[in-house]
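A.B. asks: Have a look at this prediction, sequence included:
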Amino acid sequence: MILRMPSRHLVILVVVALVAVERLFGAGQEPAGQTPGTLVIAGGTVITMDAGRRVLSPGAVATSGPDIVAIGPPDEIARAYPQARTIHAAGRVVLPGLINTHTHAPMVMYRGLADDLALKDWLEQYIFPAEAKTVAPAFVRTGTRLAALEMIKSGTTTFADMYYFEEEIARVTRRAGLRGVLGETIIGFPSPDAKTPAEALQRAAAFIKEFSGDSLITPAVAPHSMYLLEKEALLAARDLAIGNRVPLLIHLAETEGEVETSRRKHHASPVQFLESIGFWAPTTIAAHGVWVDDDDIATLAGRDVGVSHNPESNMKLASGTAPVPRYLAAGVAVGLGTDGAASNNDLDMFEAMRQAAFVHKLVSRDPRAMPAAAALEMATIGGARVLGMAGRIGSLEPGKRADLIVVRMDAVRQTPLYDPISHLVYVTRGDDVETTVVNGRVLMEGRRVTTLDEPAVLKEAQEMAEEVRKAVRR
């Protein structure tokens, strides 16, 4: 009896713990480290985004474990993989998972907190004060779970992030099954997780060590910007990234005011200042890149710097429009980003594609400036190039990671369907995504997310929002 009582108590404790985990993350999913089996997605129109831009209609994609192993006609794939689990995609479009090259995931908790402001006022009067009062590990976990749920449900399979307590973001991201290039933020004033840039760099080093070699998480270093950091901190961030062979993320030339400040202080544009100090790493991702001239573009192209174009945030904050056609003509890799949901106000990459196509037609007065195919490229293989991951993700090809989505095409507004690429960019919304697969693991099928408990995530976010509301009340 003495020996059996502790055992029974232990069983009860384990059951209670499992129930709590299931409530928050969802029951019945594969464990995070488990290798998925063979999966076939068959019968839909397969848009590969490979070098030949092949479109198979109908087509099928076979995956085994985390990899794509075959693409071809449905009957051919069925014969080759007769025992595979099959998702039928007739009347749907199958394409690579979308890649969000710039966001701040936990900032979904500030969605709608402050609107209709210029970037400087928005940051200094609302966001920085709100972060100082509310950002903590629990806040970051809650916000990241909400962001991950939104991304899975709208077809994003990889995202680049820069924020505080990035290790918490990484843990939630990995548990949700998403792929992330995640950077610990270095900033020039006391932040929620570091009092100084030196302390933030120490945190970044520990973060890199924890997630080195992870199958889903690519750790990065994220100096906020050249205007909120001194030269020494920028170079220390660069050295940390280069020394650990990880990406370097930075906001760059986002506003006209940033350029004016740089010219006044450094007698150079932001790009040329960073060039003068030797800032660039082998994989550098510059978010925004709005206010650049031809010399800046040539520098970014020569240094293989990838640019994350954030059309919705730039329009909403009236920051300007990045010269994306000029970037592309110069050979700069360009991807799409949503920015944080506090300035967008969502994480829907279909909206980012549509607005990117529209804004460049408008500012150039040329309807050919950004065709649908170019917008789709930026959201897939272009984004992969920006992140330095084009050999692994961004297109559907044997040997690449099995990151893909299935999108319905039978809604009223999608009827009739003549050109699937046109529909993906000009008609489709995030809630048209039915199935999301990352690393061969099904994260959502039939609109049901398997790795997060949606009601529990929403409840937790609503409760956290009350804390935010109390903290920022004036």
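C.D. replies: In hand now; what should we look at? Predicted, not measured: the structure shown is a model, and the values here were computed from it. Numbers count the residues shown, from 1 in each chain.

A.B. asks: So residue 307 belongs to a strand, correct?
C.D. replies: Yes. Secondary structure assignment (DSSP: H, G, I helix; E, B strand; the rest coil) places residue 307 inside a strand.

A.B. asks: what's the burial count for the nearest residue to it once chain neighbours are set aside?
C.D. replies: In space, not counting the residues next to it along the chain, residue 307 is nearest to residue 289; the distance is 4.3 Å by C-beta to C-beta, 6 or more residues apart in numbering. Glycine gets a C-beta too; all of them are placed from N, C-alpha and C. Neighbouring residues of residue 289 were enumerated by other C-beta atoms under 10 Å; the total is 28.

A.B. asks: Now do the same contact list for residue 289.
C.D. replies: For residue 289, the contacting residues are 252-254, 300, 307-309, 322, 327, taking C-beta atoms under 8 Å, 6 or more residues apart in numbering as the criterion.

A.B. asks: please redo it, this time with the cut-off set to 7 Å
C.D. replies: 252-253, 307, 322 (C-beta atoms under 7 Å, 6 or more residues apart in numbering).

A.B. asks: among the residues you listed, who's most crowded?
C.D. replies: Counting by other C-beta under 10 Å, residue 307 has the largest number of neighbours within the contacts of residue 289, with 33 neighbours.

A.B. asks: Find the centremost residue of the protein, please.
C.D. replies: For the chain, the residue nearest the mean C-alpha position is residue 159 (1.8 Å; C-alpha atoms, centre = their mean).

A.B. asks: May I have the strands that pair with the strand or helix carrying that one, each with its orientation?
C.D. replies: Taking DSSP states H and E as the definition, residue 159 sits inside strand 156-163. Next to strand 156-163 in the sheet, as set by DSSP bridges, lie strand 98-103 (parallel), strand 179-186 (parallel).

A.B. asks: Convert the C-alpha atoms of that strand to PDB, please.
C.D. replies: Backbone C-alpha positions of strand 156-163 (Å, rounded to 0.1, in the frame of the first residue of the first chain) are rendered in PDB as follows:
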ATOM      1  CA  THR A 156       2.200  30.800 -44.000                       C
ATOM      2  CA  THR A 157       4.700  28.000 -43.300                       C
ATOM      3  CA  THR A 158       7.900  30.000 -42.700                       C
ATOM      4  CA  PHE A 159       8.300  33.400 -41.000                       C
ATOM      5  CA  ALA A 160      11.200  35.700 -40.100                       C
ATOM      6  CA  ASP A 161      10.800  37.400 -36.800                       C
ATOM      7  CA  MET A 162      12.600  39.900 -34.600                       C
ATOM      8  CA  TYR A 163      11.400  40.600 -31.000                       C
END
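
A.B. asks: can you tell me the average pLDDT over that strand?
C.D. replies: The average pLDDT for strand 156-163 rounds to 98.

A.B. asks: Now the element after that strand, going C-ward?
C.D. replies: Where DSSP H and E defines the elements, the next helix or strand beyond strand 156-163 is helix 166-176.

A.B. asks: who's in contact with the closest residue to residue 228 other than its chain neighbours?
C.D. replies: Here the nearest residue to residue 228 in space, its sequence neighbours aside, is residue 188; by C-beta to C-beta, 6+ apart that works out to 4.6 Å. By C-beta under 7 Å, 6+ apart, the contact set of residue 188 is 197, 228-230, 233.

A.B. asks: Generate CSV for those residues, with neighbour count and distance to residue 81 as supplementary columns.
C.D. replies: Formatted as CSV, the entries for the contacts of residue 188 read as follows, by neighbours: other C-beta atoms under 10 Å; distance: C-beta to C-beta, whole Å:
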residue, neighbour count, distance to residue 81
197, 24, 52
228, 17, 52
229, 21, 51
230, 11, 56
233, 20, 52
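
A.B. asks: In strands, which of the residues you listed appear?
C.D. replies: Judged by DSSP state E, strands contain none of those.

A.B. asks: tell me which of the residues you listed is nearest to residue 469?
C.D. replies: Nearest to residue 469 out of the contacts of residue 188 is residue 228 (C-beta to C-beta; 27.3 Å).

A.B. asks: Just the pLDDT at that closest one, thanks.
C.D. replies: pLDDT, residue 228: 96.

A.B. asks: What of residue 3?
C.D. replies: Confidence at residue 3, expressed as pLDDT, is 33.

A.B. asks: Next, residue 267: phi, psi?
C.D. replies: With angles defined as degrees, to the nearest 10, residue 267 sits at phi 60, psi 40.

A.B. asks: ok, back up a step: mind putting the contacts of residue 289 in TSV, pLDDT included?
C.D. replies: Converted to TSV, the contacts of residue 289 look like this (pLDDT from 0 to 100):
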residue	pLDDT
252	98
253	98
307	98
322	98
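
A.B. asks: Out of those residues, which sit inside strands?
C.D. replies: 252, 307.

A.B. asks: Mind putting the contacts of residue 289 into a markdown table with distance to residue 129?
C.D. replies: Rendered in a markdown table, the data for the contacts of residue 289 read as follows (distance: C-beta to C-beta, whole Å):
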| residue | distance to residue 129 |
| --- | --- |
| 252 | 25 |
| 253 | 25 |
| 307 | 30 |
| 322 | 28 |
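
A.B. asks: surely the residue nearest to the centre of the chain meets residue 98?
C.D. replies: No. With contact defined as C-beta atoms under 7 Å, residue 159 and residue 98 do not form a contacting pair (9.1 Å).

A.B. asks: Which member of the contacts of residue 188 is positioned nearest residue 432?
C.D. replies: Here the nearest of those to residue 432, counting by C-beta to C-beta, is residue 228; it sits at 38.4 Å.
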